[in-house]
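Trainee: fold the following and give me the result.
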Amino acid sequence: MRVPLSHFELQALAREICPRLEGARVANVYSMPDGTYTFKLRTRSGTVELRVVPESLIFLVEGTYEEHPPPDEFASSLRSRLRGRTVKAFRAVEGERVVEVVFDSGEKLLLQLFPGGRTVLISESGDVVLSRPALERGERVQAPTVRPVSSQDLLGALRSLTGDQKVGSAMVRSLNLPPKYVNEVLHRAGIEGSRKVRELSAEELERVGGALSGLLEELSAGRPLVYRSREGVEVSMARLTHLEAKGYEPEAFGTVNDAVTRYFAEHSAVQRAASRSKEVEERAARLSREIAEKEEALRKVDADAAELRALADEVFARMHELESFRVGGDSSAEIGALSVRREGGVMVVRRGGAEFPLSAREQVSKQASRIYERVKGLEEAARNIRAEVERLKSEVEELRRSVTEAMPVEEPSVKRSRPREWYEAYRWTFTSSGRLVVAGRDAQSNVRLLRRHMDPDDLVFHAEVRGSPVALMKGVGDERDVLEAATFCGCYSRAWREGLGSVTVYHVKPEQVSFTPPPGTYLPRGSFIVKPPKTYLQVRLELAVGVTPEGRAVSGSRGWVGSVAAVYAVIVPGRRRAVEVARELLRAANESGLELDGSLVTELASLVPYGSAEVVEVITAAVRGEASGSEP
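Mentor: Numbering: from 1, shown residues only. Modelled structure (predicted):
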């Protein structure tokens, strides 16, 4: 799939997204079903994906695609070479449809975004490591030539044009200008592109030069526009009055990346529509031939049925005479409109183009009904053929109607990224007053949480059961904060799996936590020591799991979850599968008008402790605003 982009748009796009990409780390490389590739990048402001459309264009996806198919061989090879690498430089080659991406390893990715171009990974020493399409034996990748695009150079080249070339074609070839911008220059100058260069007067050349100068100024200012009409879609960095004169409607965009992203989606839809139209016409032509064949067969069956019915009627009318012929010894006879001949033990009765064999050993009266049965069979066949013809005609009409309908702009759904907070690597929540509570997911993350994030003002929680997370409440809170933090800790302990209704949870100060065993003892990996005294609380195992208006899954106390969630469920230990709980909650969220997709089921299910629970109630709540310090 080729979606043309000129070097003017490519230069503006590269300048715009370069600050986002330089310093980004490659997280993965994927191949998409449409033959494009994406590079998943971790930037300072979140995760993005660089979409590469071979031989065409690039654009930046804000977030990540929710689904990635298995990578093809080329994507797998790029993945093995580039994953974990950092982008050191990102630039478009001036005057060319080529982008260079340089990594901290010294390797360079060359994106040749023109017809016949390649995607090439080059080693620090300049050797080709990977190429798609593959290089032929002995073929080398030419280093891109910088072709500066200056107003003076272009105007000088314009004035040097001579000969019998058409002015439009000459400007495209000699000035390295895309046809859409050449057409715009000529339209502004009032010059027909089909005119020959030698036919232009000095005054006309000056008009062309003035129009070119003005267009170059607009291009340097970089005002991204997307033009649309029934005939197609175009992207531009300047106003295209020649398209507006043809009925194209312009739409301005705030960024080049947004314009290119939209252009790609809509141009792809146009291409799919054209491809669909071709497929439809081919299918319709095949169906039309099939209809013609069936209509011809129908005419024959109708004629045969009519002739055979006339024969049957005549046989019925001449039954006594036919019976006399049967018992007689004549070899043939003309009986009314019937011709009869004897062939061994068979009497062949003929009328017009229809004939029917009758047994000479059986009375004609007993055989006449068989002719009518045959007639009914032909008439039934005719009805079936007629119904099939009507069905095929309806299919042709439906196919051709589908071509006239607008092709939807279909792009894989994207999950928007946002800066990831440190506590999101753990289980987390907030208390009703806004205190952050963070809990480990396993023994290793328990220790990591304590070593890296425990501060002197925190409280440390742990349930009095084997298999409990460590939880930190950041900062000093009141009694309600302490109870909610203790409950959060208890809910994600093994007490939930055992189906208990409540559990004992204690809390201590950070100075009471030690990673050094007493002399002569051993402390297993992932363990720590808690020095007395401990403060104990009995907490009820009840958890709220909800969805915020932004579509984010959260869990914690009723108080906090109810303050940030549009819909939430109160759950207790039980045997219902987490995914069923998640689906019920998602269904309630969509019924409330959130319009969330099924990808949230996995995230919601992961918040249900130990993969099972019972739903006490599902609540649709008006969001009362963010709690102090609440993150979502």
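Trainee: the domain parsing of the protein - what is it?
Mentor: 7-132, 151-254, 282-404, 421-426+437-538, 542-632 (automatic domain parsing).
Trainee: how about the ones you listed in JSON lines, adding mean pLDDT?
Mentor: Formatted as JSON lines, the domains of the chain follow (pLDDT from 0 to 100):
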{"stretch": "domain 7-132", "mean pLDDT": "92"}
{"stretch": "domain 151-254", "mean pLDDT": "87"}
{"stretch": "domain 282-404", "mean pLDDT": "91"}
{"stretch": "domain 421-426+437-538", "mean pLDDT": "92"}
{"stretch": "domain 542-632", "mean pLDDT": "83"}
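Trainee: CSV for those domains, including distance to residue 276?
Mentor: For the C-beta atoms, the positions are set from N, CA and C on the backbone; glycine is no exception. Formatted as CSV, those follow (distance: least, CB to CB, whole Å):
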stretch, distance to residue 276
domain 7-132, 14
domain 151-254, 15
domain 282-404, 7
domain 421-426+437-538, 43
domain 542-632, 26
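Trainee: which among those is found nearest to residue 261?
Mentor: Nearest to residue 261 among these is domain 7-132 (4.7 Å), distances taken as CB to CB.
Trainee: quick one, which of the domains of the chain is nearest to residue 141?
Mentor: Here domain 7-132 is closest among the domains of the chain (CB to CB), at 5.3 Å.
Trainee: how about the CA coordinates for stretch 373-391, as PDB?
Mentor: Output in PDB follows, covering the C-alpha atoms of stretch 373-391 (Å, rounded to 0.1, in the frame of the first residue of the first chain):
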ATOM      1  CA  GLU A 373     -44.700 -36.300 -13.300                       C
ATOM      2  CA  ARG A 374     -41.800 -35.500 -15.700                       C
ATOM      3  CA  VAL A 375     -43.500 -32.200 -16.600                       C
ATOM      4  CA  LYS A 376     -43.800 -31.300 -12.900                       C
ATOM      5  CA  GLY A 377     -40.100 -32.100 -12.400                       C
ATOM      6  CA  LEU A 378     -39.100 -29.700 -15.200                       C
ATOM      7  CA  GLU A 379     -41.400 -27.000 -13.900                       C
ATOM      8  CA  GLU A 380     -39.900 -27.400 -10.400                       C
ATOM      9  CA  ALA A 381     -36.400 -27.200 -12.000                       C
ATOM     10  CA  ALA A 382     -37.500 -24.000 -13.800                       C
ATOM     11  CA  ARG A 383     -38.800 -22.500 -10.500                       C
ATOM     12  CA  ASN A 384     -35.500 -23.300  -8.800                       C
ATOM     13  CA  ILE A 385     -33.500 -21.700 -11.600                       C
ATOM     14  CA  ARG A 386     -35.700 -18.700 -11.600                       C
ATOM     15  CA  ALA A 387     -35.200 -18.200  -7.900                       C
ATOM     16  CA  GLU A 388     -31.500 -18.600  -8.300                       C
ATOM     17  CA  VAL A 389     -31.500 -16.000 -11.000                       C
ATOM     18  CA  GLU A 390     -33.400 -13.600  -8.800                       C
ATOM     19  CA  ARG A 391     -31.000 -14.200  -5.900                       C
END
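Trainee: buried residues of it, list them for me.
Mentor: Buried residues in stretch 373-391, counted by 16 or more other CB atoms under 10 Å: 374-375, 378-379, 381-382, 385, 389.
Trainee: among the residues you listed, name the ones in helices.
Mentor: If you go by DSSP state H, the buried residues of stretch 373-391 have 374-375, 378-379, 381-382, 385, 389 in helices.
Trainee: and of the residues you listed, the nearest to residue 466?
Mentor: residue 389 (75.9 Å).
Trainee: quick one: residues contacting the closest one.
Mentor: Contacts for residue 389 were tallied using CB atoms under 8 Å, 6 or more residues apart in numbering; they are 291, 294-295, 298.
Trainee: residue 122 now?
Mentor: Residues near residue 122 by CB under 8 Å, 6+ apart: 107-110, 128-129, 141.
Trainee: hmm, back to that, filter the contacts of residue 389 down to the buried ones, PyMOL style.
Mentor: Applied in PyMOL, the following selects the buried portion of these according to 16+ other CB under 10 Å:
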select buried, resi 291+294+298
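Trainee: any chance of the contacts of residue 389 in JSON lines, plus secondary structure and distance to residue 28?
Mentor: What follows is the contacts of residue 389, written out as JSON lines (DSSP: H, G, I helix; E, B strand; the rest coil; distance: CB to CB, whole Å):
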{"residue": "291", "secondary structure": "helix", "distance to residue 28": "51"}
{"residue": "294", "secondary structure": "helix", "distance to residue 28": "54"}
{"residue": "295", "secondary structure": "helix", "distance to residue 28": "57"}
{"residue": "298", "secondary structure": "helix", "distance to residue 28": "60"}
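Trainee: how about JSON lines for the contacts of residue 389, with distance to residue 70 added?
Mentor: Shown next, in JSON lines, are these (distance: CB to CB, whole Å):
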{"residue": "291", "distance to residue 70": "42"}
{"residue": "294", "distance to residue 70": "44"}
{"residue": "295", "distance to residue 70": "48"}
{"residue": "298", "distance to residue 70": "50"}
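Trainee: ok, so of the contacts of residue 389, who is nearest residue 483?
Mentor: Among the contacts of residue 389, and counting by CB to CB, the member closest to residue 483 is residue 291, at 76.9 Å.
Trainee: for the residue lying closest to that closest one once chain neighbours are set aside, which three-state class applies?
Mentor: Nearest residue to residue 291, sequence neighbours excluded (CB to CB, 6 or more residues apart in numbering): residue 392, at 5.0 Å. When classified by DSSP: H, G, I helix; E, B strand; the rest coil, residue 392 comes out as helix.
Trainee: is it true that residue 392 touches residue 290?
Mentor: Yes. With contact defined as CB atoms under 8 Å, residue 392 reaches residue 290; the gap is 6.2 Å.
Trainee: more neighbours: which of the two?
Mentor: residue 392 (17 against 14; other CB atoms under 10 Å).
Trainee: so residue 356 is in contact with residue 371, correct?
Mentor: Yes. Checked against CB under 8 Å, the pair residue 356 and residue 371 is within contact range at 5.2 Å.
Trainee: tell me, what's touching those two both at once?
Mentor: Residues touching both residue 356 and residue 371 by CB under 8 Å, 6+ apart: 308, 311-312, 315.
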